[in-house]
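[1] One predicted model, sequence on top.
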There are 2 protein chains.
Amino acid sequence: MVTIKEVAERAGVSTSTVSRALSGKIPVNDETKQKVLLAVKELNYQPNVLAQGLKDGKSRTLGLIIPNVRNLVFPAAIRGIEDMAKKHGYTVVLCNTDEDVETEKFYIDNLRRRLIDGFIFSTARPGHEHLLELKREGFPVVFLIRQMGEDVDTITVDNYKGAYDATKYMLLRGLKNIAFINGHMDIFLYQQRFEGYKKALEEAGFPFKEEMVVHEVYGWEDGYQAMTNLLKKNLKIDGVFATSDPKAIGVIRAIKDFGLKVPDDISVMGFDNSDMAPLLDPPLTTVSQPFYEMGAKACERLIKIIEAKKKPKAKVEVLPAEIVVRKSVV
Amino acid sequence: MVTIKEVAERAGVSTSTVSRALSGKIPVNDETKQKVLLAVKELNYQPNVLAQGLKDGKSRTLGLIIPNVRNLVFPAAIRGIEDMAKKHGYTVVLCNTDEDVETEKFYIDNLRRRLIDGFIFSTARPGHEHLLELKREGFPVVFLIRQMGEDVDTITVDNYKGAYDATKYMLLRGLKNIAFINGHMDIFLYQQRFEGYKKALEEAGFPFKEEMVVHEVYGWEDGYQAMTNLLKKNLKIDGVFATSDPKAIGVIRAIKDFGLKVPDDISVMGFDNSDMAPLLDPPLTTVSQPFYEMGAKACERLIKIIEAKKKPKAKVEVLPAEIVVRKSVV
DNA sequence: CTGAAAGCGCTTACAG
DNA sequence: CTGAAAGCGCTTACAG
């Protein structure tokens, strides 16, 4: 790699001048500048980012910590982050934790040694209070999708209203016995979705029934199992609200395997509007989380925090969660 | 961050000694070593990776260049790479190019300035000869999934045999009119799959027909369109071999929308065995590429190249592509 | 406006 | 075995 020294020699100036001509922050005589720029071009000089980083303690690198890239919801978010990072000259390091706290801590440590400039986490949940600590230390942190309190900048969706609207929509379509297949209740967004569901039922005069609700369901296999169990209980279910697309996929499969039809016999509502939703059979009616935009916003926010002179006050940004009507609800 | 200087002071030795005690490569008196280790522990010292990198020109970071994370086939591969990188103390930067050469070059430049140690590319195809150049320069490079010649280390799958076997399998199941929905023929693996298809047909005494083959199809929308066009031509198709799972998804959708059944009226074979394949309706019979393992192997190979004293000769590793029988073929 | 010098946090060849 | 010094490639306060 060609270094600043070689450029300086070729341009007949000191390395300081080269540095200044390139940074643009400090005035340099125009003629000198031209000489430098010429030498830079001729040698195809590219400053060494590690050396720059060592100087000012920044690496122009962002850490993205998620449970698992293979989860349907992340690729779109990653893309949003990536594109925004690129636009601002940042690079992003991807880390999968499988929800494991130790793995998460390992990555945080590891990346801090690399002078990472900030983190985006999609892993917030009880047991991960060290993330709040990181933020308190003054380290740039943004939460994406999952929220934990109000003290960390967060990009999320209106999970309560999304679930409320979805349930109400199903009710309006004439469904009367709507089961609820939910995720882990220690994750805030699943609490909110549950609240939305309950509220809509209540307002419609059909208070929710314990036996129609299953929590702690994760992924499509689990969703399949949960739905199969429900089906066997003969509860006259005519609709299911699955609080994620993967769960909905398992639910639909279970209904079909039980010999019933979606939506003719049982309607299914998902949550996520992941890339797969339109490809299912029937195409999935679901609540949309705009993952790409959310990722882009989270990244933009993080960069703003990193580059701010004084840290702005944390803000939780709640985007609307809208129903995308397709074919899985009557 | 605590620096090596503080550790040295606390342990009452020089920074050189701290460095040596930690590296382990150079002998240090056992007692001294213990003092150092204690100080390291007490201060929770973590060496600054940027500073280390500046010294030996390495960053312990790998660049992964793919067309798009949102393509179904990549998440599993990424996970394999990630897990292996973590095991060896490397970090990976993810870059999406959308197949654009300029974007790819931008990332390569950008990452080289960050002293990236090596690259994994899943973007090889004509027009990307600069990747071969990179390798020729002595830069550690591995190709994943897509191959381009024999001069770069590559982890791929036996695309010819996979396609041959899949076609033969369909033939054996009694199918006689098998259409072929293919990707861009400038990508080597699509050439190979096409060859495999032709060979199997030929051997069975049904030489392939031009009107049954569509090239340049990308993604499920395209697959839908291609299949719809084929269907309208009334070619008595009883089977379709789509050379990627996304295309197969579009093909199945098109067949259903045409009022026909899969596999009763038309069988569909995919290629990839992506995470979605078992979730389709019907579950997709497809040729398996073991993405996770391929990613892990590519990463392992890259690290081996990076850490080798003298560069090993490039090797193209071809893994078997096996048929995963599910329900989309009679 | 420009150069020489110091320093970012490490590692390692050179002495001892 | 250990320390002082030099150096990795930059940037920037200090002089001029």
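    Everything's here; your move. Numbers count the residues shown, from 1 in each chain, chains lettered A, B, ... in the order given.

[2] residues from chain A in reach of DNA strand D?
    Residues of chain A found near DNA strand D (C-beta under 7 Å from any atom of the strand) are A:1, A:3-5, A:15-16, A:18-20, A:22-23, A:25, A:45-48, A:51-52, A:54-56. Bear in mind the C-beta positions are built from the backbone N, C-alpha and C, glycine included.

[3] Just the buried ones from those, in ChimeraX syntax?
    This is how ChimeraX selects the buried members of these, with burial counted by 16 or more other C-beta atoms under 10 Å in any protein chain shown:
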select /A:3,4,18,19,20,22,45,47,48,51,52,54
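
[4] Restrict the residues of chain A next to DNA strand D to those that also contact chain B, please.
    Filtering those for proximity to chain B by C-beta under 8 Å from any C-beta of the partner chain leaves A:1, A:46-48, A:51, A:54.

[5] Among those residues, which are located in helices?
    The members of those that map onto helices under DSSP state H are A:51, A:54.

[6] now the ones next to chain B among the residues of chain A next to DNA strand D as JSON lines including pLDDT and distance to DNA strand C?
    As requested, these are exported to JSON lines (pLDDT from 0 to 100; distance: C-beta to the nearest atom of the strand, whole Å):
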{"residue": "A:1", "pLDDT": "80", "distance to DNA strand C": "16"}
{"residue": "A:46", "pLDDT": "88", "distance to DNA strand C": "18"}
{"residue": "A:47", "pLDDT": "90", "distance to DNA strand C": "13"}
{"residue": "A:48", "pLDDT": "90", "distance to DNA strand C": "11"}
{"residue": "A:51", "pLDDT": "90", "distance to DNA strand C": "7"}
{"residue": "A:54", "pLDDT": "87", "distance to DNA strand C": "4"}
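
[7] Next, residue A:22: secondary structure please.
    The three-state label given to residue A:22 by DSSP: H, G, I helix; E, B strand; the rest coil is helix.

[8] That one and chain B, how far apart?
    Distance, residue A:22 to chain B, by C-beta to the nearest C-beta, to the nearest Å: 13 Å.

[9] For that residue, give me its contacts.
    By C-beta atoms under 8 Å, 6 or more residues apart in numbering or on different chains, the contact set of residue A:22 is A:36, A:40, A:47.

[10] Report the spatially nearest residue to the first one, omitting neighbours in sequence.
    Setting aside the residues directly before and after it, residue A:36 is nearest to residue A:21 in space (C-beta to C-beta, 6 or more residues apart in numbering or on different chains), at 4.0 Å.

[11] Tell me how chain A divides into domains.
    Using automatic domain parsing, the domain parsing of chain A gives A:4-47, A:57-157+A:291-321, A:159-289.

[12] What residues does the stretch 201-330 of chain A have near chain B?
    With C-beta under 8 Å from any C-beta as the criterion, the stretch 201-330 of chain A meets chain B at residues A:220, A:249, A:253, A:256, A:275-276, A:279-281.

[13] wait, which of the contacts of residue A:22 is closest to residue A:190?
    residue A:47 (46.7 Å; C-beta to C-beta).

[14] Quick one: residues contacting the residue in the stretch 201-330 of chain A positioned nearest to chain B.
    Minimum separation of the stretch 201-330 of chain A from chain B (C-beta to the nearest C-beta) falls at residue A:281, amounting to 4.2 Å. With contact set as C-beta under 8 Å, 6+ apart, residue A:281 has these partners: A:252, B:253, B:256, B:280-281.

[15] before we move on, back to that, for the domains of chain A, could you give me CSV that also reports distance to residue B:241?
    Compiled in CSV, the domains of chain A are given as follows (distance: least, C-beta to C-beta, whole Å):
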stretch, distance to residue B:241
domain A:4-47, 46
domain A:57-157+A:291-321, 26
domain A:159-289, 19
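
[16] Give me the buried subset of the contacts of residue A:281.
    A:252, B:253, B:280-281.

[17] Could you list which of the residues of the stretch 201-330 of chain A next to chain B belong to helices?
    Of these, the ones assigned to helices by DSSP H are A:220, A:249, A:253, A:256.

[18] Please name the nearest non-neighbouring residue to the third one.
    It refers to residue A:253. Nearest residue to residue A:253 in three dimensions, chain neighbours excluded: residue A:224, at 5.4 Å (C-beta to C-beta, 6+ apart).

[19] just checking, the one you found touches residue A:254?
    Yes: counting by C-beta atoms under 8 Å, residue A:224 touches residue A:254, with 4.7 Å between them.

[20] who has more neighbours, these two?
    Using other C-beta atoms under 10 Å in any protein chain shown as the criterion, residue A:224 and residue A:254 rank with residue A:254 on top: 24 against 21.

[21] Return the residues in contact with the more buried one.
    For residue A:254, the contacting residues are A:223-228, A:231, by C-beta under 8 Å, 6+ apart.

[22] Contacts for stretch A:224-232, please.
    The contact list for stretch A:224-232 (C-beta under 8 Å, 6+ apart) reads A:179, A:181, A:212, A:214, A:217, A:237, A:240, A:247, A:250-251, A:253-255, A:257-258, A:260.

[23] Could you check how far residue A:249 is from DNA strand C?
    48 Å (C-beta to the nearest atom of the strand, to the nearest Å).

[24] Please work out how many residues are found near the closest residue to that residue other than its chain neighbours.
    Spatial nearest neighbour of residue A:249, excluding adjacent residues (C-beta to C-beta, 6+ apart): residue A:220 at 4.5 Å. Close neighbours of residue A:220, defined as other C-beta under 10 Å, add up to 24.

[25] in terms of contact, does residue A:220 touch residue A:244 like I think?
    No: counting by C-beta under 8 Å, residue A:220 sits too far from residue A:244 to count as a contact (9.2 Å).

[26] where do the strands sit along chain A?
    Per DSSP state E, chain A carries strands over the ranges A:61-66, A:91-96, A:118-121, A:141-144, A:153-157, A:178-181, A:213-214, A:239-242, A:267-272, A:285-288, A:316-319, A:322-324.

[27] residues making contact with the first one?
    Meaning strand A:61-66. By C-beta under 8 Å, 6+ apart, the list of residues contacting strand A:61-66 reads A:74, A:77-78, A:81, A:85, A:90-97, A:104, A:107-108, A:111, A:114-123, A:299, A:302-303, B:93, B:114.

[28] That strand - which strands sit beside it in the sheet, and in what orientation?
    Paired neighbours of strand A:61-66 in the sheet (DSSP bridges): strand A:91-96 (parallel), strand A:118-121 (parallel).
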